[in-house]
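Chemist: Quick one, what's the 3D model for this:
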Amino acid sequence: MKYHPKFRRFIVCLLTTISLVNGARNPRVVVIGAGAAGLATASRLYQGGITNVTILEASQRVGGRIRTTPFGAGIVELGAQWCHGEKGNVVYELASAYPDLLKASIIVEDAALIQSNGVRIDDELVEKLSSLAEQISESEDRMLYAGSLGDFFTETYWQRLQTDAGFSDLSHELAEQFLVYFHNRGRGDSAYDSWYDVAANETDSYQETEGNQALAWNSRTGYSTILDIVSWDGANIKNVLITTEDGSQYEADHVVVTVSLGVLKENSATMFTPALPTVNQQAIEGLNFGTVNKIFTLYNAPLPDGMANSVFLLWHKPDLDALRRSKYAWAEAVAAFFRVDHQPNVLGAWLNGIEGRQAELLPDEVVQEGLAHLLEIFLPKLNFTHVQSIISRLYQRGFRNITILEASQRIGGRIRTTPFGPGIVELGAQWCHGEVGNVVYQLASVYPGLLKSSIIADEDAVLIRSSGAKVPEAVADRLQTMAEGIIESDQRDSFAGSLGDFFTQKYWQTLATPAYSDISRDLAEQFLVYYHNYERGYTAYDSWFEVAASETDSYVEPAGNQDIAWNGKKGFSAILDIVSENSATMFSPALPTVNQQAITGLYFGTVNKIFVLFDAPIPEDFPNTVHLLWYKSDLTALRQSPHAWAEAISTFFRIDNQPNVLMAWMNGAEGRRAESLDDATIRNGILHLLKIFGNGLDFGTITGLLRSKWSSDRLFRGSYSSRSITTENLNTGARALGTPVRNAANEPVLLFAGEATNPRKLPEQSGPPIPVEEYTKFNHVVKSIKWNCPETPNHHRVSVTCTNGATFSATHLILTVSLGVLQDLHTGWFDPPLPEPKRNAIEGLYIGTIDKLFLEFDEPFWPRDGSWHGFGLLWEPADLEQLRHDGRQWLRSVCAFFVPDRTERLLVGWIYGHDARTMEALPEGQVIDGLMYLLRKFLPHLPVPAGPRWFSRSRWYSNPHFRGSYSSRSMRSDAMRATAAALAEPLTTERAVPVVQFAGEASHPQLYSTVQGAVGSGWREADRLIALYKNELAAAGSENDGQQTLRGKL
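Modeler: All right, here's what the predicted structure looks like:
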C-alpha cells in the first residue's frame, strides 16, 4: 500500500460451451459469476463471435468485489477503491476513454501519522521513516533472508535505526509505534494477518503498472455469483457437469473458474470430481487470500478542515491498552482513516486481517461508535459533527451463446461503489493503481475527466501517536523510507522465513545504526506495529509472519500514478459499464495437485474498509492520510476500553470528492473479527480513534457508516490474494493456479481465471457494448458442477446445477468467483473433485480482509483549510495492552483514517486482517464506539464529537459471495508452492480443449488483488477460447465457404 491499500477485486464464474471444436456451429456458453473477471471473459467471447451466452449470478448484482454503494449524497466503494496505475492497466484503458471518469484521488496528498495522544508526527519525520520502511521492504537482502517478512523487516528496521545517524533523534517509542503502523499498513496492502506469515524472500511479486496508483472514479453501479460443486472426470472427460445449490445442472465442454481464491480454498477439495491436479491444488493452498474491509461514515457536515486526506493511526501503548480494555477493542483493526473523493461529508476507514473478518459480524452501530472513539483519540481537536469484464470480451469477439450465473442480485463483485452522503464511496476497489499496463486505466482514461489524481497521491505521510503527538515529518519520512527499503530489499529472495521475520530483523538491524540513533525505542516499536498494519492493508494478509519473505509469484506495480481517483457519480463501478461494452468441496474428483497446491499455497487475506460520513467536512487540519502510531500506555488503555477493536484500524483516509467522509482500513485477523461488530460499536470506535489521533479536531457527528466485510462473505472469503511462505515451499503461485486441468487425452477441461491467475497484458478493446442483463441469471447460486459428462450431440461437456433447480449444460465453464468462495466451496462443488494441483492452488493462495469504516459527522471537527486529510495510527504498547484488556483488540488494525475526495464531513477508516473480520461481526454501536475512541485517543487536540451522524462499513469477509477482500501470498502459499498460474490452469479434455477455466484477481501472477488483474484474467480465459475457435474456423474455412460463425453455449 503506497499510503493506502490496493483494494480492488471481484468475482465471477464463467461456464462456457463452444462446440466448434467438435464441428458444431452453435456452442452455448454459460458464465458463472458477474464480477469483473466474468464480465471481461464473456465480453471477450462475445467480441470473438461466441454470442450464445448465459450469465449465472448467485446474487442480485454484478461486479463482485467491485461494490459501488450509494452513500450520503454520493457513493462510496465497499470493494475495489482506486484504479491503480495507467500504462498496462486494462481497467484504466477501458475507463480512460470516458472523459472525467477517472481522476487522481485526494489521498495522494496530505497523509498524516498521528499518535494516540493526538500528536501529529512531523511530516519530514514521517517521510524519513516511510522511506526507511520502503527501503527495507524493497531491499535486495529480502531475497537472501530465510525467515518471514516480519522478522526481516523488524531486524533490518532496528538495525537501520541504530546505525543510521539520521535517526539518532528518533525515540524508541515512536520507532515502535511506526513499526506497528507499517506492519498494519502492510496487512491492509497485502491482506495478510501478519507479516510473520509472509516469506521475506518472495519472488512472485505483484507488478505495479505505471501511472497514478490512486485514480478515483468520478461516477456509480452493481452483481455476484457462487458455485458449490464442479464435476469433471480427469481420466475420460467428455462433458463437464455443473450443479448449483438449487439443483439446476449445466453441461459444458469447457469450464472457466473465476471464483475468488478464498472460495477455492474453502471448497476446492470437495468442489471438483475428480480432484484437481496437484499443481492446481498447491496453488490454491499456497496462495494467500486475505480480507480488507472499509467502513464509510457519513456526517451531516463536511469533515473538519484539519482532517488530512488520509490518517494512519499510531498508538501509544497506554492508549492502546486502554482501547483493548474498552468496548472499542475491535477498533484496533482500523489502520487508517481517509477522505473520500467527491464526498466531503464521508470518512473512510480501513480494517484488515483476522480482526477485519471478525468485525464483519458487528452491527453498524458498534462500528460507528468505535470509529467515533478512534477519532476522539487521534483527532481530538476536530469536530466531526453528527453521523448521517469477461462477458464483454467474448461478446466483442462474436460469442453470443453466453450465460452468466451470478449468485447475488448485482454485478461488479468486489467493485462496489455506494451512494453515501452527497456523493459516493468505494466499499471495494478504491483507486486505479498505475497507468502503464493497467487495463483499468487504459479503459477509463479515454473518457476525459473520469480519472483524476487522488488527494492522497501527493500526501504528506502523517504519523500520529496514541498520545496525540504527531511524529515529526522528517522522522516519519525516514522510518517510512527505511521500511519500504526493507520491503523492497533483494535480500528477501534468499531469506527462508516469513516476511515478518525478515522485516523485523532488518528493521532492528537498521535502527541499530548511527543514522537512526535519534529514534527512540518506543517510537521504533510503534512504527513497527504501524508498518505491519500498513503492509497488511496493502497486501491483505493477516500477518506478515504468514507471508514468505521470498515470494515467487510477485505483484507487478504498473508504472504511473498509483492513486488515481474516479471522478464521477458512479465511482469505480463505472469500469463495469466500460467492461460490459467454493474449491475443496467444489471439485469432484479433486483438482490436480498443481491446482490444489496453488489454491492452498496462495494467501487470500482480509482487508476491510470503514467509511464514516460526518455532518460536516473533515477538519482541514486532518491530513489526507493518517497512519496511527500508538504509545504503549495509550494502546493498553484502548485495549481495556470498549473500543479495543479499533486497534485493527491502521490508517484513516480522506475520500476524493467526499469532504465529509473518512475511510478507515482494517486488516488481518483483527479486521476479520471486527466484521462481527455492529455499526454502533464501529462508529464509537472510529470516533474514539479520531479523538485520540485527531489532535483536538472537531469531526462533528457521524451521520452514516458503511463498511466492507470481505471475510464474512461466503462468495469471497477474503479481499485479495498474495504470495505466502507456503507458496514458496511448494514452488507454486498464480501461474500454477492458472494451469488448466487436463484429461487423459491431455485436453484442458477446467480452467481458472481471476486476479490470482491473470497474466499481465492488455488486449485491445473493440466492438459494441454487450447486453449484460440479457445474458445474466441473477440469484443463481451454484450447487454443483459436473465436468465428466459424456459429450452430448450439442457438444456439451459440463453441467452446472443451481440451488433453485436450474441446470445449465455447456461446452466450456469459466469460474470467476473469488478465491475466498473457491476455498469455501470447491470441495462440495465439483464432481469429480478437482485435481490435486488445482486444489493446492485454491487452498494455498491467501485471501485477506480489508474493510472501510465510514463516519459522517454533523460538522467536521478537523481543520477545514485543506491541510488536514487524515492520519495513520501508531500505538503505544500500553495502549495496545489496554485494547486487549478491554476486549477491543480489533481496533489495533485500524491503520489510518482519511477524508475522501470531494467530501467534507466524512472520515473513512481502514482496517485489515483478522481484526477486520472481527469488526464485521461486532454490533455497529460497538464498532462506532471503538472508532470514536480511536479518534479521541489519537486526536486529543481536536474537538472530536461524541459520535458520528451516520456510520457504515464494508463487510467483505462476512459476505458469502466474496469471503474476503482480495488475494495475497503467504508462508503457506510458498510452502505449498501454490501459484496463481496453477489456479488459472484450465481443466481440459483429452484433446486439450478447455472444459473448466478459472479467472479472477487471484489467478493473475503479477496483478493479483487488483481490478486490472481480474479484468485481465477474464480476457485471458476468453482469449483462450477465442484462439481455440479461431484455429478451428481457419481449419474449416474452405468447408464453410467463408461463412464461419461462432455459436454454441458458453
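
Chemist: On the three-state scheme, the closest residue to Pro659 other than its chain neighbours is what?
Modeler: Residue nearest to Pro659 in three dimensions, not counting chain neighbours: Pro344, with 1.7 Å by CB to CB, 6 or more residues apart in numbering. No exception for glycine: its C-beta is placed from N, CA and C like everyone else's. Here Pro344 is strand, with the state taken from DSSP: H, G, I helix; E, B strand; the rest coil.

Chemist: got a list of what Pro344 touches?
Modeler: Counting by CB atoms under 8 Å, 6 or more residues apart in numbering, Pro344 touches 302-303, 421-423, 617-618, 657-661, 899, 902-906.

Chemist: can we see that at 10 Å?
Modeler: 72-74, 299, 301-303, 421-423, 613-614, 616-618, 654-655, 657-661, 856, 860, 864, 899-906 (CB atoms under 10 Å, 6 or more residues apart in numbering).

Chemist: could you check the distance from it over to Glu859?
Modeler: 11 Å (CB to CB, to the nearest Å).

Chemist: can you check Ala549 too?
Modeler: Using CB to CB, Ala549 is found at 46 Å from Glu859.

Chemist: Go through the top helix by length along the chain and flag the buried ones.
Modeler: In the chain, with assignment by DSSP state H, the single longest helix is helix 1011-1035. Neighbour counts over helix 1011-1035 (16 or more other CB atoms under 10 Å) mark 1011-1026, 1028-1030, 1032-1033 as buried.

Chemist: swap in stretch 85-99?
Modeler: Buried-residue list, stretch 85-99, by 16+ other CB under 10 Å: 85-99.

Chemist: Would you mind putting the CA coordinates of it into PDB?
Modeler: Below are the C-alpha coordinates for stretch 85-99, written out as PDB (Å, rounded to 0.1, in the frame of the first residue of the first chain):
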ATOM      1  CA  GLY A  85      -1.800   2.700 -12.500                       C
ATOM      2  CA  GLU A  86      -2.400   3.600 -16.100                       C
ATOM      3  CA  LYS A  87       0.100   2.100 -18.500                       C
ATOM      4  CA  GLY A  88      -0.800  -1.600 -19.000                       C
ATOM      5  CA  ASN A  89      -3.800  -1.300 -16.700                       C
ATOM      6  CA  VAL A  90      -6.800  -2.700 -18.600                       C
ATOM      7  CA  VAL A  91      -9.200  -1.000 -16.200                       C
ATOM      8  CA  TYR A  92      -7.600   2.300 -16.800                       C
ATOM      9  CA  GLU A  93      -7.500   1.900 -20.500                       C
ATOM     10  CA  LEU A  94     -11.200   0.900 -20.600                       C
ATOM     11  CA  ALA A  95     -12.300   3.800 -18.300                       C
ATOM     12  CA  SER A  96     -10.000   6.500 -19.700                       C
ATOM     13  CA  ALA A  97     -12.000   6.500 -22.900                       C
ATOM     14  CA  TYR A  98     -14.700   8.300 -21.000                       C
ATOM     15  CA  PRO A  99     -13.900  11.900 -20.100                       C
END
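
Chemist: Could you check how far it is from the centre of its chain?
Modeler: 19 Å (CA atoms, centre = their mean, to the nearest Å).

Chemist: now swap in stretch 558-567 and tell me
Modeler: Centre-to-centre, stretch 558-567 and its host chain are 16 Å apart (CA atoms, centre = their mean).

Chemist: and the end-to-end length of it?
Modeler: 20 Å (CA to CA, to the nearest Å).

Chemist: ok, now stretch 910-926?
Modeler: 16 Å.

Chemist: coming back round to it: give me the common contacts of Pro344 and Glu859.
Modeler: Counting by CB under 10 Å, 6+ apart, the common neighbours of Pro344 and Glu859 are 299, 301-303, 614, 616-617, 660, 904-905.

Chemist: Leaving out sequence neighbours, find the closest residue to Val547.
Modeler: Closest to Val547 by CB to CB, 6+ apart is Val198, at 1.2 Å.

Chemist: That should have said Arg185, apologies.
Modeler: Tyr534 (0.7 Å).

Chemist: okay, the residue nearest to Leu635 when sequence neighbours are not counted: pLDDT?
Modeler: Leaving aside its chain neighbours, Leu635 sits nearest to Leu320 (1.1 Å; criterion: CB to CB, 6+ apart). On the pLDDT scale, Leu320 is placed at 83.

Chemist: Is Leu320 part of a helix or strand, or is it coil?
Modeler: helix.

Chemist: what about it, how many residues close to it?
Modeler: 59 (other CB atoms under 10 Å).

Chemist: which residues does Val556 contact?
Modeler: Applying CB under 10 Å, 6+ apart to Val556 gives the contacts 85, 88, 204-209, 434, 437, 760, 1004-1008, 1013.

Chemist: what's the burial count for the nearest residue to it once chain neighbours are set aside?
Modeler: Excluding the flanking residues, the one nearest Val556 by CB to CB, 6+ apart is Gln207, at 0.4 Å. For Gln207, the neighbour count with other CB under 10 Å is 22.

Chemist: pretty sure Gln207 contacts Gly88?
Modeler: Yes: counting by CB atoms under 10 Å, Gly88 is a contact partner of Gln207 at 8.5 Å.

Chemist: circling back to that earlier point, in terms of contact, does the residue nearest to Leu635 touch Lys937 like I think?
Modeler: Yes: judged on CB under 10 Å, Leu320 makes contact with Lys937 at a distance of 8.4 Å.

Chemist: Identify the contacts common to those two.
Modeler: 116, 313, 377, 466, 628, 630-631, 634-635, 637-638, 641, 646, 692, 873, 875-876, 879, 882-883, 891.

Chemist: re the thing from before, right, and the helix or strand after the helix or strand hosting the residue nearest to Arg185?
Modeler: In the assignment (DSSP states H and E), Tyr534 maps to helix 533-539. As assigned by DSSP H and E, the chain's next helix or strand after helix 533-539 is strand 540-561.

Chemist: just how off-centre is that next one within its chain?
Modeler: With CA atoms, centre = their mean as the basis, strand 540-561 stands 12 Å off its chain's centre.

Chemist: Tell me what angle that strand forms with helix 1011-1035.
Modeler: Relative orientation of strand 540-561 and helix 1011-1035, computed by axes from the mean of the first three to the mean of the last three CA atoms, to 10 degrees: 70 degrees.

Chemist: thinking again about what came up before, who has more neighbours, Ala549 and Glu859?
Modeler: Shown here are Ala549 and Glu859; by other CB under 10 Å, Ala549 has more neighbours (47 against 33).

Chemist: Just the pLDDT for the closest residue to the more buried one other than its chain neighbours.
Modeler: When the adjacent residues along the chain are set aside, Ala549 lies closest to Ala200, with 1.5 Å between them (CB to CB, 6+ apart). For Ala200, the pLDDT comes out at 84.

Chemist: Ok, Leu762 next?
Modeler: 27.

Chemist: Could you list the low-pLDDT ranges of the stretch 951-1050 of the chain?
Modeler: For the stretch 951-1050 of the chain, the stretches with pLDDT under 70 are 1032-1050.

Chemist: May I ask you to confirm that Gln135 is in contact with Met482?
Modeler: Yes: between Gln135 and Met482 a contact is recorded at 5.3 Å, counting by CB under 10 Å.

Chemist: Give the residues shared as contacts by the two.
Modeler: Counting by CB under 10 Å, 6+ apart, the residues touching both Gln135 and Met482 are 156-157, 160, 506, 510.
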